[in-house]
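Asks: Got a predicted structure here, sequence first:
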Amino acid sequence: MPAVRVYVLAVLLILVVCGGYAIQSLSGKESTTSLETAVKLETEPVQGKALAKVYVSGAVAVPGLYQVEPGMRVSDVLALAGGVDESADLQKVNLAQKCKDGMQVKVPSRKALAAKNQSSRAVAGAGAPAIFLNVASEAELDRLPGVSPVLARRIVQYRTEHGSFHSIQELLQIPGINETLLERLQGRLAL
């Protein structure tokens, strides 16, 4: 008989814990508090956690400097910035990228990209459309003169590890790309 009592008490305890969790989940308070703890104002002390500073700019509701927990995703930081404008081109932003200190998240506008695209095509020449370095696949990069499949893989890997390229000159950081190759690629690449 005592074993039955212990069993009944264990089942009741499990039901109480599960019920409390279900009520908390349905109330929606958990998502709000996790969002509040992810972002701290610079004046608030943070115990035990170093925060990353991420600068959000471009087609967002509230551009600025945000302090977030390292490893937070770009999509979460954009939500903290009030979301994106209707002109935002999210195809050019890696929403799954993890944030790190000193990072900039720049959300391009479709209008700005259209203007940039026109000027890039004019520079590249009538017959050779520009390849966008920040979104090009390995196969697209491999088609460029002087870029092997291995070099194309290195370019994509660098972009994945360091985020979007800020200039074409940044390609010089990748082993296998020198000034001569960069000059050959200059008119064929756009950011």
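Replies: Sure, I can see it.
Asks: quick one: the strands in this protein?
Replies: Applying DSSP state E to the chain gives strands spanning 52-58, 64-68, 103-107, 131-132, 189-190.
Asks: Format the ones you listed as TSV; extra columns: distance to L172.
Replies: No exception for glycine: its C-beta is placed from N, CA and C like everyone else's. Listed next are the strands of the chain as TSV, based on distance: least, CB to CB, whole Å:
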stretch	distance to L172
strand 52-58	24
strand 64-68	29
strand 103-107	20
strand 131-132	18
strand 189-190	13
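Asks: wait, which of these is closest to D89?
Replies: With CB to CB as the criterion, D89 lies closest to strand 103-107 of those, at 7.7 Å.
Asks: Show me what that closest one is in contact with.
Replies: 52, 54-60, 74, 77-78, 84-85, 88-90, 93, 99, 163-164 (CB atoms under 8 Å, 6 or more residues apart in numbering).
Asks: strand partners of that strand, parallel vs antiparallel please.
Replies: Neighbouring strands of strand 103-107 in its sheet, by DSSP bridges, are strand 52-58 (parallel).
Asks: now the strand it pairs with: mean pLDDT?
Replies: In this model, strand 52-58 has a mean pLDDT of 92.
Asks: How about stretch 89-106?
Replies: Stretch 89-106 comes out at a mean pLDDT of 89.
Asks: Brilliant, that's me finished.
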